[in-house]
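Enquirer: Structure for the following, please:
(chains A and B)
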Amino acid sequence: MTRRFPELVSLGGVLNIGMAMAIIVSFVFYSSDAPAHESGPVKAIKVDAKKAALGKRLFFDKRISGDSSISCASCHIPEKGFSDGMALSKAYPGSEGFRNTPTLINTAHKAAWFHDGRLGTNLNDVTREQLTEDYVMNMDMRIMQERAKQDPVYVQMFKDAGYGEPSNGSIRKAIPEYLKTLTSRGAPFDKGTMSDAAKRGAKVFHEKRCGSCHAGTRFSDDKPHNTAVPNNPDIWSDPMRHHTYVAFGLFMGIENIYNIRRDVGAHVRTHKVNGTDVGKFMTPTLRELKYTAPYMHNGTMKTLAEVVAFYNKGGGSDVNKSRAMRPLGMSGEQQADLVAYLEALSGDPLTGAEHVWKDAIPANYTAISDWLKTPN
Amino acid sequence: MTTFKTKTITIGLALGVAVVTLTGPVQADVNAPLAALGPPPIPLDNKQTPEKIELGKLLFFDTRLSGDASVACSTCHEPKQGWGFSGDISRGYPGTIHWRNSQTVVNSAYYGKLFWAGSAKSLEGQAPSAARGGVAGNLERDIGTARLAFIPEYRKRFKDVFGDEWPKIKNAWRAIAAFERTMVQTDTPFDKYMKGDKSALSEEAVRGKGIFEGKANCIECHNGALFSDQQYYNLGVPRAETWLDNGLAQITFRFEQYAKGVTQKMYRSIKDDAGFYYRTKQVDDKGKFRTPSLRYTLYTAPYMHNGTFFDLQEVVEFYNEGGGTNEFSANKTDLIKPLNLSEDEITDLVAFLESLSGDEIKMSSPKLPPYAPLPNPVK
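Expert: Alright, predicted model coming up:
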């Protein structure tokens, strides 16, 4: 990462100030009883159909990883709500992941990305980060660009999309354009078809003020909080995962990285000297949970019942745990109702041709015939 | 700015003088005489120790020093392939193909600069360039550093050799360089002959030596104990044919232009490897490559920067015809011209070339130490 985009580091420094201010604002928000965000269906985003179609093909194309072995869709699987069904994600070959793959549905609405919220700019940057990160796609984007130029289908699609010839810059525009099409739809919550249990669960949700963090149409305040989710020991017992975390930490500048046995979370963005930001993770959306088990940033909880029970006891144990976390005193029935409500926030699967590239994508490249006479 | 410009001009003039000396009128006595090869130079800041060399050997064979942990230095510098690669163009990182021939590691310790266009200043600089290049190792520093930390045997060895609390990737390249400095061959038939054993060369080889130094004037560039003047020339070696019909090769070809920073106009039109030009950005340097050593070539086929010739006979015949033509023929060196060698003379010359290699240097891949979880943290 460092080699390819050193400018990101200094940019991160500037962003930290903004982030710190956002956290101050969030404390003000907790003290308020009124929901500060609108609710209702997530609004669909208007996209350029040709650019989005191009982004869709790129998203499902393994050739945009360094060794052409994985695509975005290898970990963001449509049938699993664009997550992968595993506690900890796979990674680029030669490494294994240390966090749970988040859903990409509604991702274009987010204010900050990744479980630690370390990018608060836009999906173009997020795409770039994931393409070039050594444990994700490990792609030298200059090679990626030349690969795209070698595929006549891409040459035509880039042209049709108004991008001219394929370039790494337009790849990083087209993929976000596709991601904008991934909007939740058809949830019982949105259609007004919730079960009685789910309706009771909605009441519990409001009474217990889940919405103070899980706010707005996506049920997320886009801010980091420490709920003291237990550590996932599988990261630290497996050198394949732990080394990936160390590589990440070396790049992010996490102090004492070899002696740490926990995921510091949002600390990589805010770098507070007193460490009070250690263990904060971004509030995840509550939409599409039906498809995205297991849960939490490290996949330690297999079912929604487990997650609700975790909150009911006031979360886990950590010195920096958010003061908003406290025992909720829900009965078994209330917890079951709450789960029913959470399930009613999941919509139709986005697995049709509108969201999935269904045609075969070649694994190889044909040669440009008459290469000597064809300008590069 | 004024000062800067003045300095540039001064340097330019200095270079001009050097060029005149190198390409001036041919005088046999200007060339370094052929000689037996002595021990390689050892940099003062990376001295040889048995422990460092042993560590370097392990790392040289370790695939975990590549992006997807599938290729090691030894993958493209295979002991069984003359410490190079069997194909004309090196295989490259998975999903890619390289664009040049993989050079032998043997005797690389003697070069002042590494790679075909001399882009690395030392073996310590060559190793990371290859390990990190997108069509070679595609390794990022962070992941390489992290992986080393999870191999207890390496933690111990880096501590012993370099004093590292946690292995530093930079020291991996230093250890590999130290190992490579042991991959030398100084006991070829030619070396024995030069040290007084006149029976070490066949009659053909002795005649070939005379042709090498005389009629064929190979010694003009392939001189000194290394058989290389380490300068850059365009011989008119034809372009790699693989670019005409291999999609992956075409991708890499364009990537290299882009990565090495040519103008937009040149990127669009170039159809061959401009070699030394990428370093100097001087038009006159297009198509030039560094004179390779002729030692160990018995085992390093195919030959030339793009592996276009598959045996030494072919190479000699290429020179006999006065070289070839390529996109940058305007820069073709005046030193190369038809040699009018007879078939017997060609045979003798090849016999001499073969005497520049001793026994094959064999080595099997060592058993590599495994990953293990880190010990409990220090509080």
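
Enquirer: contacts, neighbours, all on C-alpha from now
Expert: OK.

Enquirer: burial of A:Ser65, as a residue count?
Expert: 24 (other C-alpha atoms under 10 Å in any protein chain shown).

Enquirer: Likewise for B:Ala372?
Expert: Based on other C-alpha under 10 Å, the number of other residues close to B:Ala372 is 15.

Enquirer: Over to A:Gly299?
Expert: 22.

Enquirer: Now do the contacts for the residue nearest to B:Glu78 when sequence neighbours are not counted.
Expert: Setting aside the residues directly before and after it, B:Glu78 is nearest to B:Gly84 in space (C-alpha to C-alpha, 6 or more residues apart in numbering or on different chains), at 5.4 Å. Shown in contact with B:Gly84 (C-alpha atoms under 8 Å, 6 or more residues apart in numbering or on different chains): B:Cys76, B:His77, B:Glu78, B:Ser102, B:Gln103, B:Thr104, B:Val105, B:Thr300.

Enquirer: TSV for the residues you listed, including pLDDT and secondary structure?
Expert: Shown next, in TSV, are the contacts of B:Gly84 (pLDDT from 0 to 100; DSSP: H, G, I helix; E, B strand; the rest coil):
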residue	pLDDT	secondary structure
B:Cys76	98	helix
B:His77	98	coil
B:Glu78	98	strand
B:Ser102	98	coil
B:Gln103	98	coil
B:Thr104	98	coil
B:Val105	98	coil
B:Thr300	98	coil
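
Enquirer: from those residues, which would you call buried?
Expert: Buried members of those, counted by 16 or more other C-alpha atoms under 10 Å in any protein chain shown: B:Cys76, B:His77, B:Glu78, B:Ser102, B:Gln103, B:Thr104, B:Val105, B:Thr300.

Enquirer: Show me where chain B dips below the pLDDT cut-off.
Expert: Confidence mapping of chain B against pLDDT under 70 gives the ranges B:1-29, B:379.

Enquirer: just the strands in it please.
Expert: Remark: strands assigned in chain B by DSSP state E are B:232-233, B:289-290.

Enquirer: In its sheet, which strands sit next to the last one, and in what direction?
Expert: When pairs are called by DSSP bridges, strand B:289-290 turns out to pair with strand B:232-233 (antiparallel).

Enquirer: quick one: the partner strand to chain centroid distance?
Expert: 14 Å (C-alpha atoms, centre = their mean, to the nearest Å).

Enquirer: List the contacts of it.
Expert: B:Ala117, B:Phe276, B:Gly287, B:Lys288, B:Phe289, B:Arg290, B:Thr291, B:Lys332, B:Thr333.

Enquirer: Now flag whichever of those residues is closest to B:Leu244.
Expert: B:Gly287 (18.2 Å; C-alpha to C-alpha).

Enquirer: Just to check, the closest one is in contact with B:Lys271?
Expert: No. With contacts counted by C-alpha atoms under 8 Å, B:Gly287 stays clear of B:Lys271, the gap being 11.1 Å.

Enquirer: burial count for B:Phe310?
Expert: B:Phe310 - counted by other C-alpha under 10 Å - has 15 other residues nearby.

Enquirer: Return the residues in contact with it.
Expert: B:Asp88, B:Ala301, B:Pro302, B:Tyr303.

Enquirer: Quick check: residues of the stretch 151-300 of chain B near chain A?
Expert: By C-alpha under 8 Å from any C-alpha of the partner chain, the part of the stretch 151-300 of chain B that sits against chain A consists of B:243-248, B:250-252, B:254-255, B:258-259, B:267-271.

Enquirer: Just the buried subset of those, please.
Expert: Looks like those have B:243-244, B:246-248, B:250-252, B:254-255, B:258, B:267, B:270-271 buried, using 16+ other C-alpha under 10 Å.

Enquirer: For the stretch 151-300 of chain B, give the residue positioned nearest to chain A.
Expert: B:Gly247 (3.8 Å; C-alpha to the nearest C-alpha).

Enquirer: Now do the contacts for the residue nearest to that residue when sequence neighbours are not counted.
Expert: Distances taken as C-alpha to C-alpha, 6+ apart put A:Ala367 closest to B:Gly247, at 3.8 Å, once the chain neighbours are dropped. Applying C-alpha under 8 Å, 6+ apart, we find A:Ala367 in contact with A:Gln150, B:Leu244, B:Asp245, B:Asn246, B:Gly247, B:Leu248, B:Gln250.

Enquirer: which one among the residues you listed gets closest to A:Ala202?
Expert: Looking across the contacts of A:Ala367 and measuring by C-alpha to C-alpha, the closest to A:Ala202 is A:Gln150, at 52.7 Å.

Enquirer: That closest one and chain B: what is the separation?
Expert: For A:Gln150, the distance to chain B equals 7 Å [C-alpha to the nearest C-alpha, to the nearest Å].

Enquirer: same thing with A:Arg99?
Expert: In terms of C-alpha to the nearest C-alpha, A:Arg99 sits 17 Å off from chain B.

Enquirer: My read is that that residue contacts A:Leu88, right?
Expert: Yes. At 4.9 Å, A:Arg99 counts as touching A:Leu88 under the criterion of C-alpha under 8 Å.

Enquirer: Between those two, which contacts overlap?
Expert: Contacts common to A:Arg99 and A:Leu88, judged by C-alpha under 8 Å, 6+ apart, are A:Asn298, A:Gly299.

Enquirer: since we're on B:Pro377, how many residues are nearby?
Expert: 10.

Enquirer: Roughly how far does it sit from A:Asn259?
Expert: 5 Å (C-alpha to C-alpha, to the nearest Å).

Enquirer: Equivalent analysis for A:Ser89, please.
Expert: In terms of C-alpha to C-alpha, A:Ser89 sits 23 Å off from A:Asn259.

Enquirer: circling back: what do B:Gly287 and B:Lys271 both touch?
Expert: B:Glu327.

Enquirer: check contacts around B:Lys209.
Expert: Counting by C-alpha under 8 Å, 6+ apart, B:Lys209 touches B:Leu349, B:Phe352.

Enquirer: can you map out the helices along the stretch 201-350 of chain B?
Expert: Applying DSSP state H, counting those that start in this stretch to the stretch 201-350 of chain B gives helices spanning B:203-213, B:242-245, B:247-260, B:264-269, B:277-280, B:312-320, B:343-354.

Enquirer: Select, out of these, the one closest to A:Tyr245.
Expert: helix B:247-260 (29.5 Å).

Enquirer: gap between that closest one and the chain center?
Expert: With C-alpha atoms, centre = their mean, you get 20 Å for helix B:247-260.

Enquirer: residue contacts, A:Gln150?
Expert: A:Tyr365, A:Thr366, A:Ala367, A:Ile368, B:Gly247, B:Gln250, B:Ile251.

Enquirer: What is the nearest of those residues to B:Lys168?
Expert: B:Ile251 (33.3 Å).

Enquirer: Just to check, that closest one is in contact with A:Asp151?
Expert: No. Shown here, B:Ile251 and A:Asp151 do not form a contact pair, counting by C-alpha under 8 Å, at 10.2 Å.

Enquirer: For B:Ser355, see how far away B:Val315 is.
Expert: Relative to B:Ser355, and taking C-alpha to C-alpha, B:Val315 is found at 16 Å.

Enquirer: the more surrounded of those two?
Expert: B:Ser355 (27 against 17).

Enquirer: And the more buried one, how far from A:Pro362?
Expert: Counting by C-alpha to C-alpha - B:Ser355 and A:Pro362 are separated by 49 Å.

Enquirer: just B:Leu349 next, same as before
Expert: 49 Å.

Enquirer: got the end-to-end distance for stretch A:254-262?
Expert: Start-to-end, stretch A:254-262 (C-alpha to C-alpha) is 11 Å.

Enquirer: Just the buried residues of stretch A:216-228, please?
Expert: Applying 16+ other C-alpha under 10 Å to stretch A:216-228 flags A:216-228 as buried.

Enquirer: Alright, that wraps it up for me.
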